[in-house]
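In: Structure for the following, please:
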Amino acid sequence: MESNVTDFGHFGRPRDGSRIEQIMSNSAATIATDPNPLTELNSAITPHPTIQLGDLLHQYQLSLVLIAGSDEATAVRPVQWVHVSELEDPTPFLTPRTVLLTTGARFDVVQAQDDADAYVQRLIDAGTSALGVAVGLHWDRIPAPVVAACDRLGLPLFRVPYDTAFIEIVQTAARLLDALSRERDIWAIESQRAVTTASLHRDGLGSAVREAAARLGRWVGITDRSGRLVEFAPQAARSAVDAEWIRRETRRLVERGVSAGRIGGADGTGVQMQALGRQGQVLGVLVVEEHGTPDTAERTLFGLVAALATVQLEHRSGIGAAQASLRSAILELLIADQHSLAERLAEGTLTRIPAGAIAAVRYRSPAEPDPSFAEDLQSLDAGSPGLIGALRGGAPLIVAETRHLPALKRLLVAHRLPAGISERGTLSALSELIGQADRALEFALGSDAPTPVDYRPELHGGVLRLLAGQPEAAARAAALLGPIRHHDERHGDRIEESLTTWLAHHGQTSPAATELGVHRHTLKARVLTAASLLQLDLDSPDARAELWAALRVLDAE
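Out: As a prediction, the model looks like this:
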């Protein structure tokens, strides 16, 4: 007859007593809860620290010996708790990442290989990190079927010598976990101090992002409401990030009205995302590369970066009628060619006045304004150096560096707003550019164009306007550009778009590449491909003029 008395003998574990087993397991469960993959950071359970199995096995005073189930990943297996059990099936009382210790008191029921395989498989299914079996009490050697099952199924199995009490192993694991927790607390304090100090620099948000990325050892980015990355670190990782995927997932997060979430990529990677701004007014999203489920220290740093970014973006956004009036005044000074005075007035109001190649954008506000459009535009304005928007003549006007045009076009298309975009120029020709944008907007309103209309000289009439109405001209243009369009359709390439932008910039590679968002060498390669497909010398003004006419004619068609 089995005794119900629990006897913690030399090995520090009960010979029996399922009730004690359950109490111990329930206590462990309060400490070690399996953190499932996050769907929402708000509701996720904060993961507890884990040590590596190798750290526990290498404690020389324990004299533990790994004898089966070893592979390359054994040493780095996470261990969250150490549990003692003599049950035939302890898995209902085990939490994942647990090391199970036993004297093998019930191993007489796993003498058959099939039974041993089933026992080990249950442990693996429960997420057990390793199995430790004491020798010298019930077994002088660990039963061969158990060793074979662990070795074949890949569960690390180690021998516990008679002189090592189980309580020593439990205490050692607890000490290692406690040391790790203290280490993470120190890391969290130092990281928060460093990020806070970085945020006080002139480029506060950028400095804070760079410091956070260095501390976390992964890339960190800040997007605006539209999903465009406005801050990113380290720059070396920028090429490996799918900016379009980040933009799409940011929009989904904002549209769902969720404050945070974990987004998994098609390649198995993922990112942690957290909305920035006040309730009902999202200014952007914090995006952090995912390296497993973040612990408390990392989540705390995420929260600090999010708070600092919110303050910075709110400062950039310049909410209020006073700043709107200032922007209108700055635009008037720029139009009047008073650039120095405009720059002085812009200090503390704008991150930077547009410079270099710019364009003017005019659009028609809807009769019933869409709050989300205002927030999206404000977010773009707040996080984008080189872009300024204000009311002029009772209608919205945006003056932006050409690198911002793709994001502006996406925004206008998404909200189905008629708009006109000027040619590319400089601030010295701002008045002319605004007139072009006004003419393009008139054309967009008159033709119900579904996308923003780029200004073209033919909008004022001229030779190209006459060509656009001739079927023969359209046929010749289609034949001329046929090789490029066939290539783009077949290979999913962007040769025609790149060639059009390059010609619009008079063959200047750098500004055209900036507008397209590609490297200048990439654009050069595309232009060379176009020349090869068309069998034309693109250095010839006649060839350029013919190509430009063909592109305009087909665009009009």
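
In: With just CA atoms, put the helix or strand harbouring P511 into CSV.
Out: Assigned by DSSP states H and E, P511 falls within helix 509-516. Extracted C-alpha coordinates of helix 509-516, given in CSV (Å, rounded to 0.1, in the frame of the first residue of the first chain):
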residue,chain,number,x,y,z
THR,A,509,20.3,61.2,-62.9
SER,A,510,20.6,62.2,-59.2
PRO,A,511,17.4,64.3,-58.9
ALA,A,512,15.5,61.7,-60.9
ALA,A,513,16.7,58.9,-58.8
THR,A,514,15.8,60.8,-55.6
GLU,A,515,12.2,61.3,-56.9
LEU,A,516,11.9,57.6,-57.8
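
In: my read: Q312 touches L205, true?
Out: Yes - taking contacts as CB atoms under 8 Å, Q312 lies within contact range of L205: 4.0 Å. In short, each C-beta sits where N, CA and C put it, glycine included.

In: what is in contact with those two at once?
Out: S199 (CB atoms under 8 Å, 6 or more residues apart in numbering).

In: Let me know the average pLDDT across the helix holding P511.
Out: Helix 509-516 comes out with an average pLDDT of 89.

In: quick one: low-confidence ranges for the stretch 301-450 of the chain?
Out: Scanning the stretch 301-450 of the chain for pLDDT under 70 picks out 316-323, 348-351, 367-371, 381-384, 449.

In: before we move on, back to that, centre of the chain to the helix holding P511, how far?
Out: How far helix 509-516 lies from its chain's middle: 25 Å, per CA atoms, centre = their mean, to the nearest Å.

In: Now do the buried residues in the next helix or strand after it.
Out: Using DSSP H and E, the helix or strand that follows helix 509-516 in sequence is helix 520-534. For helix 520-534, a neighbour-count test (16 or more other CB atoms under 10 Å) marks 523, 526-527, 529-530, 533-534 as buried.

In: could I get the residues you listed as CSV with distance to R248 and pLDDT?
Out: Output for the buried residues of helix 520-534, formatted as CSV (distance: CB to CB, whole Å; pLDDT from 0 to 100):
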residue, distance to R248, pLDDT
L523, 25, 90
R526, 24, 91
V527, 29, 91
T529, 28, 91
A530, 29, 89
L533, 31, 89
L534, 34, 88
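
In: For the helix or strand hosting L551, report the contacting residues that lie outside it.
Out: In this structure, L551 sits in helix 541-556 according to DSSP H and E. The contact list for helix 541-556, computed with CB under 8 Å, 6+ apart, reads 456, 458, 464, 467-468, 473-474, 476-478, 480-481, 496, 499-500, 503, 507, 534, 536-538.

In: With stretch 176-192 instead?
Out: Applying CB under 8 Å, 6+ apart, the external contacts of stretch 176-192 come out as 49-51, 55-56, 80, 212, 215-216, 295-297, 300-301, 304.

In: domain parsing for the protein?
Out: Taking automatic domain parsing as the criterion, the chain consists of the domains 18-38+47-176, 199-315, 321-455, 464-556.

In: Those domains into CSV, with extra columns for distance to D185?
Out: As requested, the domains of the chain are exported to CSV (distance: least, CB to CB, whole Å):
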stretch, distance to D185
domain 18-38+47-176, 10
domain 199-315, 7
domain 321-455, 33
domain 464-556, 42
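
In: need the helices for the stretch 301-450 of the chain, in chain order.
Out: Using DSSP state H, counting those that start in this stretch, the helices assigned to the stretch 301-450 of the chain run over residues 321-335, 339-346, 371-382, 405-414, 430-447.

In: Mind putting the ones you listed into JSON lines with distance to S365 and mean neighbour count?
Out: What follows is the helices of the stretch 301-450 of the chain, written out as JSON lines (distance: least, CB to CB, whole Å; neighbours: other CB atoms under 10 Å):
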{"stretch": "helix 321-335", "distance to S365": "14", "mean neighbour count": "17"}
{"stretch": "helix 339-346", "distance to S365": "24", "mean neighbour count": "15"}
{"stretch": "helix 371-382", "distance to S365": "9", "mean neighbour count": "20"}
{"stretch": "helix 405-414", "distance to S365": "11", "mean neighbour count": "18"}
{"stretch": "helix 430-447", "distance to S365": "12", "mean neighbour count": "19"}
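
In: can you tell which of those helices is closest to S259?
Out: Among these, the nearest to S259 by CB to CB is helix 371-382 (15.3 Å).

In: Check which helices and strands the closest one sits against.
Out: Other elements packing on helix 371-382 under the criterion 3 or more CB pairs under 8 Å, 6 or more residues apart in numbering; DSSP states H and E are strand 220-224, strand 281-289, helix 296-317, strand 387-392, helix 405-414.
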